[in-house]
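Enquirer: generate a structure from the sequence data that follows.
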Amino acid sequence: MKKQLIYLFIITLLFSFDSPPNGAFRHIKHRSFKKGEYIKYKAHYGFVNAAEGEMIISDKTHIINGRSCYKIDVYGRSIGMFDLFLRIRDNWGSYIDTSAIFSHKFYRKIEEGKYRKHEIVDFDQHKHRASVVTYDNKKETWRPAEKFKVPNNVQDMVSGYYYLRTLNFDTLQVGDIIKVDAFFDDEIYDFNIRYVGKDVLKTKLGKINSLILSPIMPENSLFDGENSIKVWISDDLNKVPLKIKAEMFVGAVEIEIMEYRQGQR
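Expert: Residues are numbered from 1 along each chain as shown. Below is the predicted model:
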């Protein structure tokens with residue numbers, strides 16, 4: 001569970017807001033990301049390179065539940081000496097409504113050492129329900145689906161990251177709190193994220209004007225205090241995730257952007 005909490009904050013920030021009346025889906029206009037976008041990251045534990053990851057939007061739209069969707073995959077893998085001690089090959093994916101910017105389907109396939117998990121979540125955004133199926137590795141078959149009630153416009157841990165990029169941060173004051181509802185590991189999580197302010201961040205791509213967010217962490221044995229995680233996103237139209245820094249009791253973990261390609265309409 002501790003590993004999954006790390007991924008929850010490192011890989012994604014998840015948001016949900018109230019639906020319009022009469023059951024109509026919301027419509028969000030944005031130019032923050034496009035089909036074919038590609039972002040590459042590298043994770044450091046102290047001075048050691050520990051892992052690398054990619055966030056990829058397919059260059060084609062897909063139809064899920066009769067709606068046009070972006071297909072987005074996030075890959076994470078251990079590298080170097082970390083790969084010798086704990087081999088990680090993870091894939092998270094989401095089909096995100098191109099108009100409403102929420103999830104219709106989420107999947108994850110986790111390989112971490114001997115641990116395995118394969119899960120698919122189908123969201124019914126009209127009825128506010130999630131159907132979860134997981135693969136039984138011992139029996140080599142899919143378990144029966146479990147049903148859950150979820151908030152309006154529910155996000156998964158990938159789609160929420162991209163929804164965040166459509167928000168207008170010009171309306172926020174330093175210290176403002178963004179309320180978060182997240183469906184993850186068969187539960188609804190209630191998180192708060194503080195808007196910290198602006199910064200000029202030095203990256204592999206040069207110096208970039210950025211916005212800083214900090215998820216408020218509950219007391220736990222993993223992260224060092226409620227302000228132990230900071231996230232930098234570019235202060236421009238695209239709001240690209242640039243860096244994540246997590247202060248943990250076992251040391252600091254940093255994830256930094258290495259490559260970015262914008263994609264095409």
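
Enquirer: buried sites along stretch 38-56?
Expert: 39-43, 50-56 (16 or more other C-beta atoms under 10 Å). To be clear about C-beta, it is placed using only N, CA and C from the backbone, and glycine gets the same treatment.

Enquirer: run the chain-centre distance for stretch 124-131.
Expert: 20 Å (C-alpha atoms, centre = their mean, to the nearest Å).

Enquirer: first-to-last residue distance for that stretch?
Expert: End-to-end distance for stretch 124-131, by C-alpha to C-alpha, to the nearest Å: 8 Å.

Enquirer: let me see the mean pLDDT of that stretch.
Expert: For stretch 124-131, the mean pLDDT works out to 95.

Enquirer: in it, which residues are buried?
Expert: Buried-residue list, stretch 124-131, by 16+ other C-beta under 10 Å: 125, 130.

Enquirer: before we move on, what about stretch 89-102?
Expert: Buried residues in stretch 89-102 (16+ other C-beta under 10 Å): 90-97, 100-102.

Enquirer: related to what we said a few turns ago, for the buried residues of stretch 38-56, which one is nearest Val74?
Expert: Met55 (5.2 Å; C-beta to C-beta).

Enquirer: quick one: that closest one and Ile39 touch, right?
Expert: Yes - using C-beta atoms under 8 Å, Met55 is in contact with Ile39, at 4.5 Å.

Enquirer: now do the shared contacts for the two.
Expert: Pro241 (C-beta atoms under 8 Å, 6 or more residues apart in numbering).

Enquirer: helices or strands next to the lengthiest strand in the chain in the packing?
Expert: Longest strand of the chain, by residue count under DSSP state E: strand 187-203. Packing partners of strand 187-203 (3 or more C-beta pairs under 8 Å, 6 or more residues apart in numbering; DSSP states H and E): strand 177-184, strand 206-215, strand 229-234, strand 241-248.

Enquirer: ok, residues contacting it?
Expert: Under C-beta under 8 Å, 6+ apart, the answer for strand 187-203 is 8, 13-14, 148, 150-151, 169, 172-183, 207-216, 227, 230, 232, 235, 242-243, 256-257.

Enquirer: 6 Å - rerun?
Expert: 172, 174, 176-178, 180, 182, 207-216, 232, 242, 257 (C-beta atoms under 6 Å, 6 or more residues apart in numbering).

Enquirer: picking up where we left off before, quick one, which of the helices and strands packed on strand 187-203 is packed in tightest?
Expert: strand 229-234 (a mean of 22; mean count of other C-beta atoms under 10 Å).

Enquirer: now for that one, which elements pack on it?
Expert: For strand 229-234, the packing partners by 3 or more C-beta pairs under 6 Å, 6 or more residues apart in numbering; DSSP states H and E come out as strand 206-215, strand 241-248.

Enquirer: quick one: low-confidence ranges for this protein?
Expert: Low-confidence segments of the chain (pLDDT under 70): 1-23, 180, 217-227, 248-251, 265.

Enquirer: where do the helices sit along it?
Expert: For the chain, the helices defined by DSSP state H cover 2-10, 80-85, 159-164.

Enquirer: specify the beta-bridge partners of the closest residue to Met81 other than its chain neighbours.
Expert: Excluding the flanking residues, the one nearest Met81 by C-beta to C-beta, 6 or more residues apart in numbering is Val48, at 7.3 Å. For Val48, the beta-bridge partners are Tyr45 (DSSP bridges).
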